[in-house]
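Participant: When you get a sec, could you give me coordinates for this:
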Amino acid sequence: MKRCRVCKEKFVPTYSSLQATCTKPACLIEWGRISERKKAKREIRQMKENVKSVSQYRRELQKVFNEFIRLRDSKEPCISCGKPLTGKYDAGHFYSVGSYPNLRFNEDNVHGQCVECNQHKHGNLLEYAPRLTERIGFERASKLMILRNQPLRLSLDEIKELTTQYKKRVNEWKTKNA
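Facilitator: All right, here's what the predicted structure looks like:
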């Protein structure tokens with residue numbers, strides 16, 4: 001016995017174990033309409049995906065990357081002021097994205113930061129710098145300083161790959177800490 005996806009009544013499949021609806025004409029017609037709508041939505045989604053610009057993909061990557069940083073640092077204090085990160089907090093960049101776009105997706109350059117420090121105190125960099133060295137170590141902080149002057153050009157495929165990787169890491173983090 002299966003349940004019809006349209007009228008919700010139980011029925012015995014007559015022509016296939018994958019049959020979704022009973023054999024009432026009204027149910028068959030409605031299921032055909034539902035299937036066509038789903039197919040059209042898939043096609044529209046695919047068309048939107050095909051016309052996305054590189055900047056739209058980069059924005060999507062930035063969103064997922066920031067979510068990962070927030071999850072990674074959820075149990076850490078604010079990198080600048082040391083207050084516990086509760087409620088809404090940002091993924092604050094030590095080297096700004098505007099001046100150093102090549103460090104935008106560098107995990108050593110981005111840490112959980114309270115809104116007060118990141119937005120109202122423009123990153124609170126005077127307190128960020130010593131805590132950054134404490135958190136990631138002198139070697140990695142020095143490497144970050146060297147990397148800031150090296151160009152980084154991500155191709156569309158690399159951006160898509162990074163997005164997929166960070167989505168996977170976010171999902172792993174959520175399931176691990178659920």
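
Participant: can we go C-alpha only for contacts and neighbour counts from here?
Facilitator: OK.

Participant: Look up the pLDDT of the residue nearest to Arg131 when sequence neighbours are not counted for me, please.
Facilitator: Nearest residue to Arg131, sequence neighbours excluded (Cα to Cα, 6 or more residues apart in numbering): Ile79, at 6.1 Å. pLDDT, Ile79: 93.

Participant: Now for Ile79, how many residues are close by?
Facilitator: Applying other Cα atoms under 10 Å, we find 31 residues neighbouring Ile79.

Participant: ok, it to Glu107 distance?
Facilitator: Applying Cα to Cα, to the nearest Å, one obtains 13 Å for the distance of Ile79 from Glu107.

Participant: next one: the helix or strand where Ile146 lies to chain centre, how far?
Facilitator: In the assignment (DSSP states H and E), Ile146 maps to helix 138-147. Distance of helix 138-147 from the chain centroid (Cα atoms, centre = their mean, to the nearest Å) equals 26 Å.

Participant: which residues are in contact with it?
Facilitator: Residues from elsewhere that reach helix 138-147, judged by Cα atoms under 8 Å, 6 or more residues apart in numbering: 103, 108-109, 132-133.

Participant: and with 6 Å instead?
Facilitator: Under the contact criterion Cα atoms under 6 Å, 6 or more residues apart in numbering, helix 138-147 has outside partners Thr133.

Participant: low pLDDT regions in the chain?
Facilitator: By pLDDT under 70, the weakly predicted segments of the chain are 178.

Participant: Would you map the helices across it?
Facilitator: Using DSSP state H, the helices of the chain run over 25-50, 54-72, 115, 125-136, 138-147, 156-176.

Participant: For Gly98, which of these is the nearest?
Facilitator: Set against Gly98 and scored by Cα to Cα, these come closest in helix 54-72, at 13.5 Å.

Participant: rewinding a little: could you give the backbone dihedrals for the residue nearest to Arg131?
Facilitator: phi -60, psi -20 (degrees, to the nearest 10).

Participant: Could you measure from it over to Tyr89?
Facilitator: Ile79 is 11 Å from Tyr89, by Cα to Cα.

Participant: domain parsing for this structure?
Facilitator: Following automatic domain parsing, one finds the domains of the chain at 2-50, 54-158.

Participant: how much space is there between the residue positioned nearest the centre of the chain and Leu162?
Facilitator: Of all residues in the chain, the one closest to the mean position by Cα atoms, centre = their mean is Val64, 2.2 Å from it. Distance of Val64 to Leu162, computed by Cα to Cα: 9 Å.

Participant: Could you do Glu49 as well?
Facilitator: For Glu49 relative to Leu162 (Cα to Cα), the value is 16 Å.

Participant: ok, those two, which is more surrounded?
Facilitator: The residue with more neighbours, out of Glu49 and Leu162, is Leu162; 19 against 12, by other Cα under 10 Å.
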